[in-house]
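[1] fold the following.
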Amino acid sequence: MERLKSHGDFVAVLKRRHKVSRNDIVVHYLVRDDSYTRGVVPRDARRMGLAVSKAVGNAVTRNTVKRRFRVLARQYEDRLPEGCDIVLRAKPTAAHASFASLDEQVASGFAKVAVRIAQGR
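    Numbering: from 1, shown residues only. This next block holds a predicted model:
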């Protein structure tokens, strides 16, 4: 999975206000079309960005949460449709959530995103 790198890409995903919420995470998503593509991005590439605020904890805690998110997103990226941008946002409770709990939440969140996109929402 590629990364969302620019601030404009993050804003484009977050502005659309399409999201799926779970106990410890929120998955914001956007299916790209030509108007949202900045630079050279393959149309079928799935891209992910992470948003882990200081409310989650200190730097060590935030980086642990981000590492967990990267592993889980890589594991479940095939559940997302091609050309999808997502931003995984951690709620403050994500710092204390078990890996198994985050695993279940990311899996169900990505599956729900895929269903909503298939339905055209």
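[2] wait, residue 43 sits on residue 83?
    Yes: if you go by CB atoms under 8 Å, residue 43 and residue 83 touch, sitting 5.5 Å apart. Just so you know, the C-beta spots here come from the backbone N, C-alpha and C atoms, and that holds for glycine as well.
[3] mind jotting down where the strands sit in this structure?
    With DSSP state E as the criterion, the chain has strands at 2-3, 19-21, 25-31, 47-51, 84-90.
[4] direction included, what does the second one pair up with?
    Partner strands for strand 19-21, per DSSP bridges, with pairing direction: strand 25-31 (antiparallel).
[5] next: the last one.
    Partners of strand 84-90 in the sheet, by DSSP bridges, are strand 25-31 (antiparallel), strand 47-51 (parallel).
[6] who does residue 84 bridge with?
    Bridge pairing for residue 84 - DSSP bridges - gives residue 31.
[7] who's in contact with it?
    If a contact means CB atoms under 8 Å, 6 or more residues apart in numbering, then residue 84 has 29-32, 46-47, 113, 117 as its contacts.
[8] quick check: the two most widely separated of these?
    Greatest spacing in the contacts of residue 84, by CB to CB: 47 and 117 (14.5 Å).
[9] from memory residue 121 sits against residue 18, does it?
    Yes: under the criterion of CB under 8 Å, residue 121 makes contact with residue 18 at 7.3 Å.
[10] these two - which one has more neighbours?
    residue 18 (17 against 7; other CB atoms under 10 Å).
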